[in-house]
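A.B. asks: Turn this into a model:
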Amino acid sequence: MSDASINTQTRKHEDEASFGDYFALLKPRVMSLVVFTAAVGLLAAPVAVHPMIAFASILFIAVGGGASGALNMWWDADIDRVMKRTKGRPIPSGKVTEGEAFSIGITLSVFAVVMLGLAANWVTAGLLAFTIFFYVVIYTMWLKRWTPQNIVIGGAAGAFPPMIGWAVATGGISVESVLMFTLTFMWTPPHFWALCLFMKSDYKDAGVPMLHVTHGRKSTRNHILVYTLLLALIAVGIAFTDIGGPVYLVTALVMNGLFVAGAVAIWRRDETRAEADNYKREKAFFALSLLYLFLHFGAILAEAALKPYGLGGW
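C.D. replies: Below you'll find the predicted structure:
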């Protein structure tokens, strides 16, 4: 066998998709957030759910989240090839074809919705179906490339999982599940805009009208501060509802104090200083935002766990 043939076979072998490539198509990091917030919504609900039903429901919610990720990568393959942050994804890297991503996304979407309906209830299945539709059609296909408010409106897609988890247990929607939705919904813009600030020209190169591309970095910093202040009011206010309590209140006060301080620090900077230190404050704020949401939902879960012992809530 010639060296050319060997090299050709080697390249073909290297280009073949592995299980990890197909799994990456499902956006596992985003899926983990979906699973966590949905599980908190389920466990915080005032109705007990059989462990097997709970496990199956969270599994199918995760599959639905992964299906959304696959369809997002299918539609965004063109801009993913341009952006440094995304060019290593399965489709731009040539590991998975766009057709495969579409087929996987559609198949898993139908499977997840039907199985969740059978495992839990059809209200929950309907919410999951709407979430997938909202993320893929409303956000990915429409808002993302049309308006700088894309992540504000589109953020609703990532805020639905706790409502879905709550509906698994209760069969419906309540004030408490809407509050968890609102917490995630208001958290999404400052979280994502901080990422945009230190990604520099990625979105501009891809032609995506993110806020910092259309209105400038200073305007984006202003928006981060305003949304963070509004988020803090909502987050602390939840402490005095049925899903809140002293554990949540302490968590909310500490984390929102840090989050507001981080937003103010970003707001006060000028672009020259930001460029000189490689956007360290923006990166730190983004990292804090991940911990922020985890601890708030963790505190909601802690309050729910303590209530049977007369310790949670007010």
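A.B. asks: contacts and neighbour counts: CA atoms only from here.
C.D. replies: Noted.
A.B. asks: what's the burial count for the residue lying closest to residue 87 once chain neighbours are set aside?
C.D. replies: Distance criterion Cα to Cα, 6 or more residues apart in numbering; nearest residue to residue 87, sequence neighbours excluded, is residue 81 at 4.7 Å. A count of nearby residues for residue 81, using other Cα atoms under 10 Å, gives 17.
A.B. asks: and if you look at residue 126?
C.D. replies: With other Cα under 10 Å as criterion, residue 126 counts 16.
A.B. asks: can you check the one 10 residues further on too?
C.D. replies: If you count neighbours by other Cα under 10 Å, residue 136 ends up with 23.
A.B. asks: residues contacting it?
C.D. replies: Going by Cα atoms under 8 Å, 6 or more residues apart in numbering, residue 136 touches 68, 71, 72.
A.B. asks: Then residue 281?
C.D. replies: Residue 281 neighbours (Cα under 8 Å, 6+ apart): 262, 265, 266.
A.B. asks: same deal with residue 198?
C.D. replies: By Cα under 8 Å, 6+ apart, the neighbours of residue 198 are 278, 279, 282, 283.
A.B. asks: Run through the stretch 201-314 of the chain and note the low-pLDDT ranges.
C.D. replies: The model of the stretch 201-314 of the chain has pLDDT under 70 over residues 273-276.
A.B. asks: For stretch 35-46, could you pull out the residues that count as buried?
C.D. replies: For stretch 35-46, burial by neighbour count (16 or more other Cα atoms under 10 Å) applies to 35, 36, 37, 38, 39, 40, 41, 42, 43, 44, 45.
A.B. asks: Could you check how far the last one is from residue 85?
C.D. replies: Which is residue 45. Going from residue 45 to residue 85 by Cα to Cα, to the nearest Å gives 37 Å.
A.B. asks: Tell me which residues are up against the helix or strand containing residue 226.
C.D. replies: Using DSSP states H and E, residue 226 falls within helix 217-237. Helix 217-237 has contacts (Cα under 8 Å, 6+ apart) with 182-183, 186-187, 189-190, 193-194, 197, 211-212, 249, 252-253, 256, 259-260, 263-264, 266-267, 270-271.
A.B. asks: Just the buried ones from the contacts of residue 198?
C.D. replies: In those, the ones that pass as buried (16+ other Cα under 10 Å) are 279, 282, 283.
A.B. asks: buried subset of the contacts of helix 217-237?
C.D. replies: The buried subset of the contacts of helix 217-237 - by 16+ other Cα under 10 Å - is 182-183, 186-187, 189-190, 193-194, 197, 211-212, 249, 252, 256, 259-260, 263-264, 266-267.
A.B. asks: mean confidence for stretch 136-153?
C.D. replies: Averaged across stretch 136-153, the pLDDT comes to 94.
A.B. asks: What distance separates the opening and closing residues of it?
C.D. replies: End-to-end distance for stretch 136-153, by Cα to Cα: 13 Å.
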